[in-house]
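Engineer: okay, sequence plus prediction incoming.
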Amino acid sequence: MTTEDWEQRIAHAWASFDRYDEHEFRARMEKLAAELPPDSGPALFERACAHDSTGDPERAVALYEQALAQGLTGERRRRAVIQLGSSLRNLGRAEESVALLTAELEQPSDDLDDAVRAFLALALTDTGREREAVSVALTALTPHLPRYHRSLAAYARLLVEPAPDGT
């Protein structure tokens, strides 16, 4: 088995997700994960995703944490942080989610930046910080608009910072 072969089979499993019930899908992912060492970050991550996607966020959180502790890297590491933040929020641990996702914004930028901000906005809402959540969401949206970048960015900032005149 090569890493490329394993990755292709993982991708195929996810592409066929809707063909299985939650137990069948988890079993399928467990079988694939078992092909790698038990402490493999990618295997732990894929198992976490399977539990997360089939309605078992508590188990997913533990597996995401283990995967990250194993030194998960690249896109999987970023996805693990985002998905861990989402699962923490879903379990009523929004403050932990906010802390995790806020710290993630300090990591090198990539194409998942907006996803980090989107899930951070949800977590902020759950902590009663709605204005900050809207600011974060607008900041993520701004680069995708054909116009109004500067004005929307300024309005987003003003939601959480006082206006220059102190209001």
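Structural biologist: Happy to help now that I have it.
Engineer: spatially central residue for the chain, please.
Structural biologist: I82 (1.6 Å; Cα atoms, centre = their mean).
Engineer: now do the helices in this structure.
Structural biologist: All helices of the chain, identified by DSSP state H, fall at 3-15, 22-33, 41-53, 57-69, 74-90, 94-104, 113-126, 130-141, 149-158.
Engineer: looking at those, which is buried most?
Structural biologist: helix 41-53 (a mean of 23; mean count of other Cβ atoms under 10 Å). Glycine gets a C-beta too; all of them are placed from N, C-alpha and C.
Engineer: list the contacts of that helix.
Structural biologist: Defining contact as Cβ atoms under 8 Å, 6 or more residues apart in numbering, one finds that helix 41-53 is touched by 10, 14, 17, 25-26, 28-30, 32-37, 57, 59-64, 66-68, 70-73, 76-77, 79-80, 83-84, 86-87.
Engineer: now the angle from it to helix 74-90?
Structural biologist: 30 degrees (axes from the mean of the first three to the mean of the last three Cα atoms, to 10 degrees).
Engineer: begin at 46 from here
Structural biologist: With 46 as the first residue, the last one maps to helix 86-98.
Engineer: how far does helix 86-98 sit from its chain's centre?
Structural biologist: Helix 86-98 sits 12 Å away from the centroid of its parent chain (Cα atoms, centre = their mean, to the nearest Å).
Engineer: average model confidence for that helix?
Structural biologist: For helix 86-98, the mean per-residue pLDDT is 98.
Engineer: the closest residue to S85 other than its chain neighbours: neighbour count?
Structural biologist: What sits nearest to S85 in space, not counting adjacent residues and going by Cβ to Cβ, 6 or more residues apart in numbering, is Q115, at 7.1 Å. For Q115, the neighbour count with other Cβ atoms under 10 Å is 16.
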